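Enquirer: Give me coordinates for this.
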Amino acid sequence: MNKDKKPQENTILDIAEALKLSPATISRALNNHPHVKEKTKNDILKMAAQLGYRRNQMASGLRSNKTHTVGLIVPRISMFFHAEVITTIQNSLHKHGYNLIICQSNDLLTMEQELAEILYSSRVDALIVACTLQTTDFSHFNRLVDSGIPVIFYDRVPLDPYNATFIKGDDFRGGYLATSHLIETGGKRIAHISGKLTSNLYQDRTAGYRKAMEQHQLPINEDWVFHQELTHENAREAMSRMFEGPVVPDALFAANDVTAIAALEFAKENGIVVPDALKMIGYSNDPRTSIISPSLSTIEQHPDLVGKKIVEVLMDLLKNGHENAEVKAKPYVIPVDLIRRMSS
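Expert: Numbers count the residues shown, from 1 in each chain. Presented below is the predicted three-dimensional model:
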């Protein structure tokens with residue numbers, strides 16, 4: 001006996017023979033067809049499990065031109081906002097009979113380009129994307145769009161028109177709310193640490209900051225406005241530069257919570273009392289903001305609502321087809337809310 005020979009897998013025919021049913025009935029039951037009686041379906045599923053039957057999803061997809069899989073590309077799974085969105089999307093898609101393939105670009109454009117090609121080759125029925133901060137050319141998604149595969153961009157979306165659906169937070173309002181709150185609590189010399197302006201997120205959040213300052217007739221010190229990669233180290237460097245002179249900020253709007261937490265750490269180490277000497281607010285409502293001391297004011301992005309809207313729109317696109325221009329062309333904006341805490 002050849003020990004290296006793999007055992008032959010059981011097929012639909014083996015299940016049909018064991019239950020004395022037609023292969024067509026077995027196939028319909030395994031595909032959850034509504035015309036199969038519940039008892040028959042349960043008997044078939046039980047026998048399939050006993051025989052170790054494994055459905056060939058790829059073969060089924062080739063026959064039906066549907067794989068019931070959706071691709072998802074995110075910058076980093078470890079980011080709180082995206083982790084929450086992923087959870088909501090996966091749970092919602094599962095209820096609709098779809099599986100989710102989750103890919104991480106590591107915020108690298110080359111990886112995003114490669115993943116788009118891989119997911120296209122994997123015959124996904126749709127693609128959901130939160131782009132990298134470097135993505136300004138979206139042509140690597142053209143192949144999917146041209147093939148009639150729905151593409152939904154969320155959170156980080158193209159700045160220019162593109163033949164896909166956009167779902168994003170109200171980042172302009174978030175920046176405006178955050179800055180207005182600092183002004184209402186007494187801030188006058190308000191600094192802003194933001195991300196690179198190649199991203200819609202930071203264009204909009206900064207625009208909201210500038211609008212609030214303008215409306216309250218407060219001057220903006222451009223030396224206190226930073227557009228950089230929002231890392232812990234960069235935040236500390238920005239704080240060091242702002243607090244090295246005789247005139248210093250009395251408030252700070254950080255465009256994400258990682259930056260706000262790093263700024264708070266810097267303030268503590270340098271004897272800057274928050275909120276008495278420096279009022280602070282972040283963005284995203286990361287769980288850490290509620291447990292550090294003092295707790296950080298922030299902007300709630302409602303990732304659960306983002307995830308639900310993505311699936312709602314996606315199911316509409318898959319049901320009505322890629323030609324449903326009314327659905328695709330409409331940008332969806334998810335509301336944000338101010339969370340007031342002890343830092344402001």
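
Enquirer: Need phi/psi at Ser122.
Expert: Phi and psi for Ser122, reported as degrees, to the nearest 10, are phi -80, psi 0.

Enquirer: Which pLDDT value goes with it?
Expert: Turning to Ser122, the model gives it a pLDDT of 92.

Enquirer: Please apply the same query to Lys5.
Expert: 47.

Enquirer: roughly how far apart are Gln203 and Lys196?
Expert: Separation of Gln203 from Lys196 (C-beta to C-beta, to the nearest Å): 9 Å. In short, each C-beta sits where N, CA and C put it, glycine included.

Enquirer: Would you mind telling me which of the two has more residues around it?
Expert: More neighbours surround Gln203 than the other of Gln203 and Lys196, with 19 against 14 (other C-beta atoms under 10 Å).

Enquirer: list the contacts for that one?
Expert: With contact taken as C-beta atoms under 8 Å, 6 or more residues apart in numbering, Gln203 is in contact with Leu159, Leu197.

Enquirer: ok, now with 6 Å
Expert: The contact partners of Gln203, taken as C-beta atoms under 6 Å, 6 or more residues apart in numbering, are Leu197.

Enquirer: Okay, it and Asn91: tell me how far apart.
Expert: Counting by C-beta to C-beta, the gap from Gln203 to Asn91 is 32 Å.

Enquirer: Please apply the same query to Gly208.
Expert: Applying C-beta to C-beta, the value for Gly208 to Asn91 is 31 Å.

Enquirer: Show me which of the two is the more surrounded one.
Expert: Gly208 (25 against 14).

Enquirer: And the host helix or strand of the more buried one, what's buried?
Expert: Using DSSP states H and E, Gly208 sits within helix 200-215. Residues of helix 200-215 classed as buried by neighbour count (16 or more other C-beta atoms under 10 Å): 200-206, 208-213.

Enquirer: Just to check, Ile26 is in contact with Asp14?
Expert: No: checked against C-beta atoms under 6 Å, the pair Ile26 and Asp14 is beyond contact range at 9.4 Å.

Enquirer: more neighbours, these two?
Expert: Remark: of Ile26 and Asp14, Ile26 carries more neighbours, 25 against 18, as counted by other C-beta under 10 Å.

Enquirer: In space, what's closest to Val248 - neighbours in sequence excluded?
Expert: Of all residues not flanking Val248 in the chain, Met242 sits nearest, at 6.3 Å (C-beta to C-beta, 6 or more residues apart in numbering).

Enquirer: how many neighbours does that neighbour have?
Expert: Met242 has 22 neighbours, counted by other C-beta under 10 Å.

Enquirer: Contacts only, for it.
Expert: Ala191, Trp224, Pro249.

Enquirer: Quickly note the distance from it to Thr69.
Expert: 48 Å.

Enquirer: Give me the domain ranges for the chain.
Expert: Using automatic domain parsing, the domain parsing of the chain gives 12-55, 67-169+303-334, 171-300.

Enquirer: Neighbour count, pLDDT and distance to Asn31 added to the contacts of Met242, as a markdown table?
Expert: Listed next are these as a markdown table, based on neighbours: other C-beta atoms under 10 Å; pLDDT from 0 to 100; distance: C-beta to C-beta, whole Å:
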| residue | neighbour count | pLDDT | distance to Asn31 |
| --- | --- | --- | --- |
| Ala191 | 27 | 98 | 59 |
| Trp224 | 18 | 98 | 61 |
| Pro249 | 23 | 98 | 62 |
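
Enquirer: Am I right that Leu314 sits in a helix?
Expert: Yes: assignment of Leu314 by DSSP: H, G, I helix; E, B strand; the rest coil places it within a helix.
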